[in-house]
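Novice: build the 3D model from these lines:
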Amino acid sequence: MTEVLLRVENLHVSVGDTPIIQGISLEINRGEIHAVMGRNGAGKSTLANVIMGHPAYQITSGAIHYKGENIEDMEVFERARAGVFLSFQYPAAIPGVQVGTFLRKSVASVRGQAPSPRAFRKELNEAMKQLDMDKSFLSRYVNEGFSGGEKKRLEILQMLLLQPHLALLDETDSGLDIDALRIVAEGINAVAKDTGCLIITHYQRLLDLVKPDVVHVLIDGKIVESGGPELALKLEKEGYDWLDALA
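Specialist: You can find the predicted model right below:
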């Protein structure tokens with residue numbers, strides 16, 4: 001039986017007096033990958049942040065349902081504990097906090113209890129091996145002095161450990177070289193079969209490695225076109241101008 005993880009219904013979102021999202025509706029089932037594409041400023045990152053509960057954004061109308069429950073009144077940490085994960089477009093540095101400590105605390109917070117040290121080490125080692133990450137990474141401070149690729153690998157490492165039900169990935173492919181992109185894509189594919197994924201991207205190259213079930217195009221805060229993987233290929237070749245009349 002199909003499980004609907006996320007249902008967004010006629011969502012309108014503003015920042016202050018400025019409308020950003022203007023009537024988005026979509027539905028993601030468990031095991032589905034949805035890609036969201038569009039120009040800069042179209043509202044893609046806003047959509048991910050609103051689903052996660054960022055307080056800077058105000059829902060003026062519409063609703064977001066996660067596993068059948070309206071989550072508008074849920075705090076960010078409550079959504080995380082319920083299985084929603086957001087990979088940031090620009091991950092923040094946390095000076096003085098080692099990666100290993102950060103990961104252990106994150107897992108304990110989301111799961112509601114800390115795993116045994118032995119069990120956590122096993123999980124962590126397996127996930128780091130999958131992402132081709134050296135163990136010396138764990139003693140560094142979170143994102144301090146990290147390259148773009150290292151930041152994105154750490155985001156995917158968190159996702160592998162937290163095992164979310166719904167993963168929101170905001171331009172996870174930006175700043176990655178070919179090898180790093182392949183490794184990150186493998187991490188996404190490893191969790192995608194048991195989750196729902198909303199992937200925000202500008203480029204077809206990630207979608208060659210992580211096959212979307214549905215591609216949505218946002219223009220001026222609206223989904224103006226949805227289709228299969230072939231839609232992303234068309235956008236790569238023709239850009240967005242042919243869709244402007246639909247906005």
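Novice: how about the helices in the protein?
Specialist: All helices of the chain, identified by DSSP state H, fall at 44-52, 76-81, 99-111, 117-130, 148-162, 178-192, 204-209, 229-238.
Novice: how about low-confidence regions in this protein?
Specialist: For the chain, the stretches with pLDDT under 70 are 1, 247.
Novice: picking up where we left off before, Leu198: which of the helices of the chain is closest?
Specialist: helix 44-52 (6.7 Å; Cβ to Cβ). Where C-beta positions appear, they are placed from N, C-alpha and C, glycine not excepted.
Novice: export the closest one as PDB, just CAs?
Specialist: Output in PDB follows, covering the C-alpha atoms of helix 44-52 (Å, rounded to 0.1, in the frame of the first residue of the first chain):
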ATOM      1  CA  LYS A  44      12.900  26.400  -4.200                       C
ATOM      2  CA  SER A  45      14.900  26.800  -1.000                       C
ATOM      3  CA  THR A  46      12.000  28.600   0.700                       C
ATOM      4  CA  LEU A  47       9.800  25.500   0.000                       C
ATOM      5  CA  ALA A  48      12.400  23.200   1.700                       C
ATOM      6  CA  ASN A  49      12.800  25.600   4.700                       C
ATOM      7  CA  VAL A  50       9.100  26.000   5.200                       C
ATOM      8  CA  ILE A  51       8.600  22.200   5.200                       C
ATOM      9  CA  MET A  52      11.300  22.000   7.900                       C
END
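Novice: could you say what helices and strands it packs with?
Specialist: Secondary-structure packing of helix 44-52 (3 or more Cβ pairs under 8 Å, 6 or more residues apart in numbering; DSSP states H and E): strand 4-15, strand 18-29, strand 33-38, strand 58-66, strand 84-87, strand 166-170, strand 196-200.
Novice: who touches it?
Specialist: Residues outside helix 44-52 that contact it (Cβ atoms under 8 Å, 6 or more residues apart in numbering) are 6, 8, 11, 13, 15, 20-21, 24, 36-38, 56-57, 59, 64, 66, 76, 79, 84, 86, 89, 166, 168, 170-171, 198, 200, 218, 221.
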